[in-house]
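# Have a look; sequence and predicted model below, questions after that.
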Amino acid sequence: MTFKQLVTYSFDKWWRPILLLLTTGLLLGLSVWSDTSVLQIPAFVLFCLSIAILGFSLIFQLWKKRWINAILTFLILGCTIAVCLFFAIVFFIVATNELDEPDKFADNLKIPKNITIYTPADINFDKKKPDSISNIQKKDIDFQLYNSIQPGVYEYEFWTSKINRGIIYLKAYEITQNYPLSTSELPSSSSVKIFNDKDSIIKIGTSHFFTIYEGDWGKPYAARFEVWYKPSTGEQETKLFEKNYKIEGWMR
């Protein structure tokens, strides 16, 4: 096959508009029904590729003076772009309205006074934790929550004794109503690998932040953070520790 025949086959065949319609439907479907960027990014790349193929096809048809095919290709290309722009504008308007509406989750919540509730420690802009915590030698298991880059965004450290290989992760609950917080993301975003084959206490912690979405800035409430352990052997997960903290939700 010559180069000319390859170009003709690539940019003058029936599968071009079908590819564009399929990738457009895939991209819009994932945008509406899925929050997983791992799927959305490849779909967007395929969509852009199909747009480019159809665009080169339009140029090729104009060059060959195939006016009817060129007009049909132009209409398909134009309508597809118009539909995508329409959905993009709708998504933008919806997202803007959500940002304008304050989160009312914590408006009527009261912080209990009959239980011990801690305040998260602060991390400075250099990611440095307070020396009073970093230099302490723990003799028992413990949990420390840290304020990260914004209110509602946190990191943590956990001191543990001898433990088999696995991961730990967090569950969080608003205390007065026992309402689970950020259930769809918190277990994965707070997960940390763990292993300690010594009898001494070791400290592990997050290398990235996690987010509590319920609530808003300036509206503190009490939350119970639970540290859960998932063995790498596949055995049953167990709760290792819990501690109460006064927190705020992230302002979206």
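That came through fine. Numbers count the residues shown, from 1 in each chain.

# C-alpha only now, for contacts and for neighbours.
Fine.

# Could you pull out the strands in the stretch 1-150 of the chain for me?
121-122, 142-147 (DSSP state E, counting those that start in this stretch).

# possible to save those as JSON lines with mean neighbour count, mean pLDDT and distance to Asp197?
Converted to JSON lines, the strands of the stretch 1-150 of the chain look like this (neighbours: other Cα atoms under 10 Å; pLDDT from 0 to 100; distance: least, Cα to Cα, whole Å):
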{"stretch": "strand 121-122", "mean neighbour count": "17", "mean pLDDT": "92", "distance to Asp197": "29"}
{"stretch": "strand 142-147", "mean neighbour count": "19", "mean pLDDT": "95", "distance to Asp197": "18"}
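
# Provide the contact partners of stretch 236-247 at residue level.
Contacting residues not belonging to stretch 236-247 are listed as 111, 116-120, 141-143, 145, 152, 220-231 [Cα atoms under 8 Å, 6 or more residues apart in numbering].

# Break the chain down into its domains, please.
Following automatic domain parsing, one gets these domains for the chain: 3-100, 121-247.

# What about Lys110, how many residues nearby?
12 (other Cα atoms under 10 Å).

# circling back to that earlier point, of all the strands of the stretch 1-150 of the chain, which one comes closest to Asp107?
Relative to Asp107, the nearest member of these by Cα to Cα is strand 142-147, separated by 21.1 Å.

# Can you work out which other helices and strands pack against the closest one?
strand 121-122, strand 153-160, strand 238-247 (3 or more Cα pairs under 8 Å, 6 or more residues apart in numbering; DSSP states H and E).

# still on that earlier bit, let's have the strands of the stretch 1-150 of the chain in CSV, adding distance to Arg66.
Putting the strands of the stretch 1-150 of the chain into CSV (distance: least, Cα to Cα, whole Å) gives the following:
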stretch, distance to Arg66
strand 121-122, 67
strand 142-147, 64
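
# closest one to Phe74 among those?
strand 142-147 (53.1 Å).

# Walk me through which strands that closest one pairs with, and which way each runs.
Sheet pairing of strand 142-147 (DSSP bridges) gives strand 121-122 (parallel), strand 153-160 (antiparallel).

# most neighbours per residue, which of these?
strand 153-160 (a mean of 20; mean count of other Cα atoms under 10 Å).

# Would you mind getting the angle between the helix or strand that that one is followed by and strand 153-160?
Sequence order places strand 163-174 as the next helix or strand after strand 153-160, per DSSP states H and E. Angle, strand 163-174 to strand 153-160, by axes from the mean of the first three to the mean of the last three Cα atoms, to 10 degrees: 140 degrees.

# Just the pLDDT at the nearest residue to Tyr173 once chain neighbours are set aside, thanks.
Nearest residue to Tyr173, sequence neighbours excluded (Cα to Cα, 6 or more residues apart in numbering): Pro180, at 4.4 Å. Per-residue pLDDT puts Pro180 at 96.

# All further residue positions should be reported with the first residue as 407.
In the new numbering, first residue 407, that becomes Pro586.

# my guess is Pro586 contacts Leu576, does it?
No. Applying Cα atoms under 8 Å as the test, Pro586 and Leu576 come out as separate, 11.1 Å apart.

# more crowded one of these two?
Set side by side, Pro586 and Leu576 show more neighbours around Leu576, with 22 against 14, by other Cα under 10 Å.

# now the nearest residue to that one once chain neighbours are set aside, which residues is it bridged with?
Counting by Cα to Cα, 6+ apart, Leu576 lies nearest to Val633, which is 4.9 Å off, once chain neighbours are set aside. In this structure, Val633 bridges to Leu576, Phe647 when assessed by DSSP bridges.

# if we can go back for a sec, out of the helices and strands packed on strand 548-553, which is closest to His614?
It is, among these and with distance given as Cα to Cα, strand 559-566, at 6.8 Å.

# Quick one: mean pLDDT for the closest one?
Averaging pLDDT along strand 559-566 gives 94.

# Could you do stretch 599-607 as well?
Mean pLDDT, stretch 599-607: 92.
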